[in-house]
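Visitor: sequence-free structure coming up:
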């Protein structure tokens, strides 16, 4: 069987620079390319990258094009690239479509071989994919405008239009949450398919893409060889940089309120804050995070409480205060919410306001007799505390100290407890509270 005639000239003129050219005058036997299979795997799981994870493993998934379902996979040690290559080639020659999970997996290997997000530990690349007609021209324009260059381009098909997977090299090791946030930003920025989950499997380069009957009939797909193009000059990007490409207010020339719908998700904000812990990242990460929060309409109090764990002087960190003021001046977004609750001197929010804000992290509810309770997290396990009891006072006072490095005065604590109990009574659900009396079970 011969591969379909294709040429980079038939593609978007600019995007074609990413795609391996194929001479349309030379028929190529449609067979797996073992060299590209191996090269793709070695690039994703380079020895220098996997050495820090000797117990990690990779996933090679496969499917029958007659059914289309991807429900089986084989797993290999990260040091068994040769064996993984041979397995992928064997399955592909047998008529299966073959895929690879770009992220490292770790932990007990599933019987089916198919991993979920809980088994992902890290990845050397973030990714995006596209398959729509005209996507190549639109995405190429956005990549050029942003200066982003994919380190790997896996072309999964060219008939009837170009389809590809784009891999962006990551700077340093990332957490699963950071990887998910980076992938989310890429699909939003490029307006592509939602492939942000960390356990995602992608088409393996060097294998034949056997189209399903449905795609042949509905989309005009044909069997094609999946090709690999490596851009040796493509640099690595930090998670913060990739998150910053998603149309966030901090990267926009307009008002944050006008772009808030395209702003960062909660997962992206958490990943950005976590990036601030890395050497040299604090200023830019916190600057971008505060801009996002202002774009979402957060008050200074909310912003400072969210950023406090990432600052040297917690809630009262002067550098954090300067970044918040600078962002508000830049975007002409005054903090009207906090001003309503400010004390007469100093401009800082009242202690009671901070305590009430802290209580939002608890699950407030009330018992049938109207007594207020809070479910709080203590040392990674849940505790149910009566709001008027000593335990809740101790919990919220500790949270206050952790945030502000000071203790709340008794008047502020009492005022806050009154509000928190009212919220539990009128806004929280009614639940039956079971109190255990006696010894250990």
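Guide: Sure, I can see it. Just so it is clear, the model here is predicted, and its values are computed rather than measured.

Visitor: so how many other residues sit close to residue 138?
Guide: Using other C-beta atoms under 10 Å, residue 138 has 16 neighbouring residues. Quick note: C-beta positions are derived from backbone N, CA and C, even for glycine.

Visitor: Now it: closest residue in space that isn't a chain neighbour?
Guide: What sits nearest to residue 138 in space, not counting adjacent residues and going by C-beta to C-beta, 6 or more residues apart in numbering, is residue 191, at 7.2 Å.

Visitor: for the protein, what's the longest helix?
Guide: Longest helix in the chain, counting residues (DSSP state H): helix 410-426.

Visitor: Break this structure into its domains for me.
Guide: The record's domain parsing of the chain by automatic domain parsing lists 8-230, 247-339, 352-426.

Visitor: now the ones you listed as a markdown table including distance to residue 236 and mean pLDDT?
Guide: What follows is the domains of the chain, written out as a markdown table (distance: least, C-beta to C-beta, whole Å; pLDDT from 0 to 100):
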| stretch | distance to residue 236 | mean pLDDT |
| --- | --- | --- |
| domain 8-230 | 4 | 90 |
| domain 247-339 | 14 | 74 |
| domain 352-426 | 34 | 87 |
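
Visitor: Dump those to CSV, plus distance to residue 433.
Guide: Putting those into CSV (distance: least, C-beta to C-beta, whole Å) gives the following:
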stretch, distance to residue 433
domain 8-230, 32
domain 247-339, 28
domain 352-426, 5
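
Visitor: So which of these is nearest residue 239?
Guide: Residue 239 lies closest, by C-beta to C-beta, to one member of the domains of the chain: domain 8-230, at 4.5 Å.

Visitor: Just the strands from the stretch 201-350 of the chain, written as ranges.
Guide: 202-203, 208-209, 224-225, 227-230 (DSSP state E, counting those that start in this stretch).

Visitor: Please identify the buried residues of the last one?
Guide: Neighbour counts over strand 227-230 (16 or more other C-beta atoms under 10 Å) mark 227, 228, 229 as buried.

Visitor: strands paired with that strand, and their directions?
Guide: strand 152-157 (antiparallel) (DSSP bridges).

Visitor: What of the third one?
Guide: Partners of strand 224-225 in the sheet, by DSSP bridges, are strand 208-209 (antiparallel).

Visitor: got the contact list for the partner strand?
Guide: Residues outside strand 208-209 that contact it (C-beta atoms under 8 Å, 6 or more residues apart in numbering) are 30-32, 92, 97, 156-157, 203, 221, 223-226.

Visitor: Tabulate those (JSON lines), appending distance to residue 284 and neighbour count.
Guide: Shown next, in JSON lines, are the contacts of strand 208-209 (distance: C-beta to C-beta, whole Å; neighbours: other C-beta atoms under 10 Å):
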{"residue": "30", "distance to residue 284": "48", "neighbour count": "16"}
{"residue": "31", "distance to residue 284": "48", "neighbour count": "15"}
{"residue": "32", "distance to residue 284": "44", "neighbour count": "21"}
{"residue": "92", "distance to residue 284": "44", "neighbour count": "24"}
{"residue": "97", "distance to residue 284": "41", "neighbour count": "22"}
{"residue": "156", "distance to residue 284": "35", "neighbour count": "22"}
{"residue": "157", "distance to residue 284": "38", "neighbour count": "24"}
{"residue": "203", "distance to residue 284": "34", "neighbour count": "21"}
{"residue": "221", "distance to residue 284": "43", "neighbour count": "22"}
{"residue": "223", "distance to residue 284": "46", "neighbour count": "17"}
{"residue": "224", "distance to residue 284": "42", "neighbour count": "21"}
{"residue": "225", "distance to residue 284": "42", "neighbour count": "25"}
{"residue": "226", "distance to residue 284": "37", "neighbour count": "27"}
